[in-house]
Every structure is written in C-alpha cells, then in structure tokens.
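J.: Sequence first, then the predicted structure, then my questions.
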Protein chains: 2
Amino acid sequence: MFRQTSDVAEWLAERQRTHRHRVRQVGLDELDGWYSEPGTGNLRHRSGRFFSVEGVEVATDGREVGSWAQPIVVQPESGILGILTRDFGGVPHFLLQAKMEPGNINLLQLSPTVQATRSNYSRVHLGRSVPYLEHFVAPRRGRIVYDALQSEQGAWFLRKRNRNMIVRTTGDVPVRDGFCWLTLEQIGGLLSMENLVNMDTRTVLSGLPGRGAPAGRTGGAPGRPLHRMAELLSWFTEVKAGRRLEVGRIPLAEVKGWESTAERVAHESGRYFSVIGVDVEADGREVAHWTQPMLRPAGRGLVAFLVQDFGGTPHLLVRARPEAGSFDVAEIGPTVQCRPENYAHLPAGRQPAFLAEVVSAPPDRVLFDVVHSEEGGRFHHAENRYLAVRTEGLPQEVGGPGEHFAWVTPAQLGALLRHGNHVNVEARNLLTCLRFAR
Amino acid sequence: MFRQTSDVAEWLAERQRTHRHRVRQVGLDELDGWYSEPGTGNLRHRSGRFFSVEGVEVATDGREVGSWAQPIVVQPESGILGILTRDFGGVPHFLLQAKMEPGNINLLQLSPTVQATRSNYSRVHLGRSVPYLEHFVAPRRGRIVYDALQSEQGAWFLRKRNRNMIVRTTGDVPVRDGFCWLTLEQIGGLLSMENLVNMDTRTVLSGLPGRGAPAGRTGGAPGRPLHRMAELLSWFTEVKAGRRLEVGRIPLAEVKGWESTAERVAHESGRYFSVIGVDVEADGREVAHWTQPMLRPAGRGLVAFLVQDFGGTPHLLVRARPEAGSFDVAEIGPTVQCRPENYAHLPAGRQPAFLAEVVSAPPDRVLFDVVHSEEGGRFHHAENRYLAVRTEGLPQEVGGPGEHFAWVTPAQLGALLRHGNHVNVEARNLLTCLRFAR
C-alpha cells in the first residue's frame, strides 16, 4: 500500500514482468472497427465514438508560420483525470495507478487514480467499471481541491479538454491491485526520472494549490511579482482580442503535403508526425485486446522555461501562443515549445525564439532537465524534454509586440491555471516538474 | 467637467434638446447597404462588416425547453468598452459620455469613455476617430484595473464578446464636449434611476475590484462564504463538462416558426423578438445619418437575484445556464433571467424557477428594483427589470441536480467575473446595480 520511492520503479518493472502487455504496429487497414471514410478519408470508428483523425486549415497571425493545413485528432467528449488524496500521519498522500498505455515507451507509468473517457465510464467498449470513479462524480463525499476543464496538446488535438480533478477524502479507501499511495515528495523523486509519471498525473498535479517553485530549485524566495494579476489578465486578454486564429475543418484527404496509405498517414517530408495503427494485448486493462490508430511524432519535443529573478523573486518567462486546436485563440505556454527537428531546415532567423539559449545553457544554469512522455493512449512514443534554465540580464519586457512573452511567478501561473483554458498542457506539466521534482 | 448628481439627468435632457437625434422605424428593405442574402435570407451588410442576422438550431439538456431554432445576431469582431478613471482630491472619478444610441428609449444615456467596435476604430464606416481610445490600446500609460473579454446577451448574440476595460490614469485629461467625470457615488445614484446608465457602463463597472455589496443594501456584513472558491469553480466545471449545448448555424430563411417579410423578421406568435429597420439622424456621432437593422424584444425582461444570509453573510443565488449564443456551454447567470411574456402561455409547472417568488415579493424584501435598457446600438427598446429580493429559509443546496443553482457572495461573483466568460451580462449588470446603486 505504501512504498519507498526507490521501490516504485522496481514495482513497475515487476508488474511489467507479471502482466502480459504487447503492442505491435500494424497498418491502418488492419484496425478492427476503424475505417477510412469514403469521400473524406477521415479515420473513424464505426461506433462513431472514441475519436477521429480529420484535417484542419489554420490561419493565424501569431506564429512563425502564418497558415498551414494538418491532420488533427478530433475527440469531442471530455473525460475525467482524477487524483484522490488523503492524509496519513498528517502527510498528504496521492493514490496513483501503475497503468499500461500502448504509446508509453516503457508501457507502464504512474497514472491518476481515475483516467477515464466518457466512453470508459458509460461502457461504450463494454469494459469493466472504473475503480474509484465514485470519488469524482456526484454525489461526492470528498472535498474538492481542484477541478477544471483543461486543454490538451493544441498541435495535435482539436479543442480537446479533460476534466482535471483532485479530491481529498478522509474515509477508508481500499487499495486495489495496481494502485499505491505516494507522498508529494515521493512523486517529486519519480518526476526527476525519465518516463515514469505519466502526462495525466503531471497535468492534474499542476492544479494543487499552495507553494510556488521550491526556493532551492529556482534560487530565490517567493516574493513580490513583477506584474499584478490584473496586468497579467489584461496581457492575456490582449492576445485573445488581438490575435487571429481561424481554424476550418477539412477532409483528411484534402490536407496538402500529407499522404494517406493503407499503412499510415504521414507528411511527405517525414517531418511533424504520422498516424499509425497498433494492436494491443494487455491484461489488467478494461479490455484485454484492441486495435487503434495512434499519432506518432517525428522527433523529440522540447518544453522549456527561462527562469530569472526580479527583485529576488523567481519568475518564469511564459508565452501566449495560438495553436491549431486552441479552444479560445491562445493559451499561456512555456518560453519554448517545439519539436526542434521541424525547424532544422529553416534558417537561424526563423528558429523559435530562445531555442538556441535553452539548448546551449551551461550545466550550472540548468534547474531541471528530464524527458517525459505525453499521453500514451493517443500518442506513440511522444517524448518531450522538459527543461528549466536559469538566466539573467533579460529585460522586464521581452520580445516584440506580437510575440506575447511575459514574466510570471510560479504562484501566479498556478493561480491562472485553476481556471481552465488559461495555461496549456506543456506549461502545466513543466510547472509540475519545477514545483515538485527533487 | 464635474457635475452634481442631480444635474446629470438635466444635463442629458439639455443635450437632448440641443442636439438633433431622430430615430424612425423603416422596413428592412429600406436599409441602405443591407440586403437579404439570396438563398439563405440572412440579413447582411454589403461591406461584409458590422453584423449579420442569421439562424441557429439549438439542442441542450440544461433548459426548460430542450431544442429550438431562432434568428441570432452574428458579430464576430469584438470591440472595446473602456472606462477611464482618475482620482480628484483623493476620490476616484469615472469619465462617462452622454451618448446617443438609436435603441435607447430616451436616446441619450451615460456610456463608457470608449465604446467602439473594431469597425469604429479601424474606420470602416469612415467615421471620425474615437476620442480617448489611446488610453485603451497599446502602448498605454495608464494602470490597468480590469480587462476581460466578456460575453453579451447569449439569447440574441452568437458568441459575441467585447473587451471590458477600466484604466486608471494620473495625467491630465482634457474633457471633451459630451463627457463628464462622475464619482462612484454619483453613478450609484444614477443607477437607481430608470434608463440613464447604459448597459456598457454597467457591464464594465462590474469588474471594479474592491468591496462586495454594501452592507446596508444586502443587510449583512461581508464575511465567510458558504463555498470555497475551489468548490465554486468545480460546480461551474461540472456544468460545462456535463451539459450538452449543440448550436448549428442555419440560414435565417429556414428558422421554423419565424417569418421574414420586406418589413421585418418576426415569430408567428408575436413572442420573443423581431428584427426591424431604423433610420437614424444624429449629430455628435461619428456618422450623422445611417440605417441599420435592430432586434426588438417583444416584452420587458426580468433579471433577478434572490439574496439570503448564511452565517450573517449575504449570498446571491446564481444559476449556470446554457444559452444559444454561449461561448463555452454555459455561464453563471442570475437567479431568474427571462421575458415573462414568453412563458405566459405555459402552465405553472413550466414557468422559470423562482419567477413567481421574485415578482410577488413584498416591498420590504425588495433591495433593488429599477428598469434599465440593454445595448442601444443593436437592441430597440430592450428593457429589463433589474430586481434583487431578500429571502430566508432557502436551503444551502437549491434545486435539482440539473438546475445548477449555487449561493455565492457578491465578492466571489466579482472575483469570478474578472476572468472572461464566467459570468453572463445579465448577472454582471445586476451585480453592478446591487453593489453601487444607492
């Protein structure tokens, strides 16, 4: 029920050995129940549920590239990502699950107590009932700590949102096989190791109220922010009111530069991402065998904060950016968010701002540098390098008028994200690493 | 430059006499530059700008009536509603304008310092430049007090938003003809009179931070709220995650039950609203003569809060509700929001919840009861009765699971609305009346 931090990786490896998990790449035409829709080429499930892969045309004035078309995952239903917390001996513990996701590099990672799409809990795929769901749906007995509809990757998902929840209980909670109570300190230790704490756990934990980044990590005491909250909200309002983001849905077959074959959907350059099929066998999941399409990025991504003290108070450089799938024009993201390989063919002047600075930082300025993977239920081996780099000498106002950078304290970013659709999933996850990783 | 409160109504009447303002109802086919689009019947301007009148089909599970079709105003561009504030003798003053709007009953009302659509300030209709706009667009010198993208009437506008701003300045501000500095106390006095403070002024002032409702009005000191903010955000998240709102745009000509003639667009029953044409002559406006369509409601609306103390702290009963034009499923509205005449033909069981209670409250329970009109640039004689009624004995949990009522303190509602798209325009305006009216 309780474990030493050092035992958790071993516990995951042990479960890996004793449970059957196999993921095999297959052609899209080998997927059971999935079909390429005549006329549009959109990839759909015959039940009409789960998700589909379609196309979008995007026009915006707030990015390096002003217009493009791309495939995108359309998943209108929102699910629940919920973590149950309870004090033991006065110390808050969080109930996490060793969960297999077909896209995870090591298959098993620590997921939230509940990670369920509506199809999961309304039994569309005839799975078993979702354990602990009763703590997250009304009528609940626990105390709500955090509950917001949050966006997921705007580059890959069209306006997808999940409900992120933390619920505190005081009652007895039977610990089922595959679940485990961990302290924040233990989770922090695991966050500093590669690919153990899954994306859903990281995004939910970003909503935990309380402290900002630990002083030891960011090098300064929490203190007076450079900007009042009214100013930050105004800066964000200005981006949303002033930027243009026009997203039109088009048939997948009409997305220029992308090729659909029986095997997969991919860009002719090999860049960006492809859509592949997988065949999955697993016990310990609601369904023991299934096939599905997955999005596989072409290279490792980079998610980075520059961190600088102002008046002795650490600030993070954030950037509001429109993305193809943004729910409301733009959300607040990290300083740098990109797949560097997608820009490798472009000249230095068209590289993302601060990319060179963060990847070439000397080791003594690196506060945090760990690879984590994104949602293993939709993305195949989608790794991001989460990086926080200390800097100095940058001005209070960074970048040109259309670039939308701002310095915020970790506590301010935490306050903003408690309202949904303010802070994107990359910035939320990096904030969790920065706040909790040891 | 400064005026006694008692002089303001006289000042408006005086300006009315000395300026030429004439509004004449005309047929839609007499509007200059407006046309009924062949095939769809949508009402559009030939420039493609301003706004259009189209149709929507709405399906929701969160309202008395589950599905319907209706005409709706489509105005994708957002404008600026900005109030400039400055201290004189240590007392904050607000710069308001005596502005003619063709839909106002008395034509002239007090509007924000700046009330400009993007067409206004990008000069689409070749008007004069907008006075004081420089205080609200970058680079500004003033201090931001409040800045949020806020929704307007979801029953009439499709996802329309305006940027609501309050900017504090310390510099000298020349006062132009038609403008006037007023204290909050003076504005409060004017808010207790009918149809003097326009909708845009009321919605902007709702974002002024600081005190909740005055104790004298709501009968208790501000104190401990019934629900923590995390609980309120969770309640709002639950509505957005759990309710369905599907809005599909359809041609105006295909909206069932509505008739378009050369003269106007109206419902066959005479209920709800109609779309009429007006011919306007006015000096003191950017353009001295124009014609336009306007939406004219069939009857007076009602916007009401029930107010009750819990633990000595006054709370407002709010209700989250989906509307045809909601930007994100639902926003937080007042206890009652309806046009009673639209329900007159329905039995008691299908009347809006608490409608009977608020309209039949004995006078000693009425905290506030004044008629104000909605935006006079789009709506013709659209009056709402703003009503706040003290109650007692209602439980902490009101209504059934699908009704989405909650008790909040005025200060909590004020904090929520500083984020856009949380609180609807009716609740924001009523909160302004409750907080500031004397």
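T.: Received, thanks. Residues are numbered from 1 along each chain as shown, chains lettered A, B, ... in the order given.

J.: Tell me the residues on the stretch 201-350 of chain A that lie near chain B, please.
T.: The stretch 201-350 of chain A comes close to chain B at residues A:209, A:230, A:231, A:233, A:234, A:237, A:238, A:240, A:241, A:327, A:328, as judged by CB under 8 Å from any CB of the partner chain. Backbone N, C-alpha and C define where each C-beta goes, glycine included.

J.: Can you verify my assumption that the second one contacts residue B:165?
T.: No. Using CB atoms under 8 Å as the test, residue A:230 is too far from residue B:165 to be in contact (10.5 Å).

J.: start to end distance for stretch A:364-377?
T.: 36 Å (CA to CA, to the nearest Å).

J.: I'd like the mean pLDDT over it, please.
T.: The average pLDDT within stretch A:364-377 is 96.

J.: Show me how to select, in PyMOL, the buried members of the residues of the stretch 201-350 of chain A next to chain B.
T.: In PyMOL, this line selects whichever of those come out buried by 16 or more other CB atoms under 10 Å in any protein chain shown:
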select buried, chain A and resi 230+231+233+234+237+238+240+241+327+328
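
J.: Could you dump the residues of the stretch 201-350 of chain A next to chain B into JSON lines with pLDDT and secondary structure added?
T.: What follows is these, written out as JSON lines (pLDDT from 0 to 100; DSSP: H, G, I helix; E, B strand; the rest coil):
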{"residue": "A:209", "pLDDT": "91", "secondary structure": "coil"}
{"residue": "A:230", "pLDDT": "96", "secondary structure": "helix"}
{"residue": "A:231", "pLDDT": "96", "secondary structure": "helix"}
{"residue": "A:233", "pLDDT": "98", "secondary structure": "helix"}
{"residue": "A:234", "pLDDT": "97", "secondary structure": "helix"}
{"residue": "A:237", "pLDDT": "96", "secondary structure": "helix"}
{"residue": "A:238", "pLDDT": "93", "secondary structure": "helix"}
{"residue": "A:240", "pLDDT": "93", "secondary structure": "helix"}
{"residue": "A:241", "pLDDT": "91", "secondary structure": "helix"}
{"residue": "A:327", "pLDDT": "91", "secondary structure": "coil"}
{"residue": "A:328", "pLDDT": "92", "secondary structure": "coil"}
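
J.: quick one on the thing from earlier: where do the contact lists of residue A:230 and residue B:165 overlap?
T.: Overlap between the neighbourhoods of residue A:230 and residue B:165 consists of B:144, B:146, B:147, taking contacts as CB atoms under 8 Å, 6 or more residues apart in numbering or on different chains.

J.: of all the residues you listed, which comes closest to residue B:112?
T.: Residue B:112 lies nearest to residue B:146 out of these, by CB to CB, at 11.9 Å.

J.: List the contacts of the closest one.
T.: A:230, B:164, B:165, B:166, B:204, B:207, B:208, B:209, B:418.

J.: host element of it?
T.: Per DSSP states H and E, residue B:146 falls inside strand B:143-151.

J.: Given that strand, what are its sheet partners and their directions?
T.: Using DSSP bridges, the strands paired with strand B:143-151 are strand B:161-168 (antiparallel).

J.: Taking the stretch 1-150 of chain A, what residue is nearest to chain B?
T.: Using CB to the nearest CB, the closest approach of the stretch 1-150 of chain A to chain B is made by residue A:147 at 3.5 Å.

J.: Contact partners for the nearest residue to that residue once chain neighbours are set aside?
T.: In this structure, residue A:147 finds its nearest non-sequential neighbour in residue B:234, 3.5 Å apart by CB to CB, 6 or more residues apart in numbering or on different chains. When contacts are counted by CB under 8 Å, 6+ apart, residue B:234 touches A:144, A:147, A:165.
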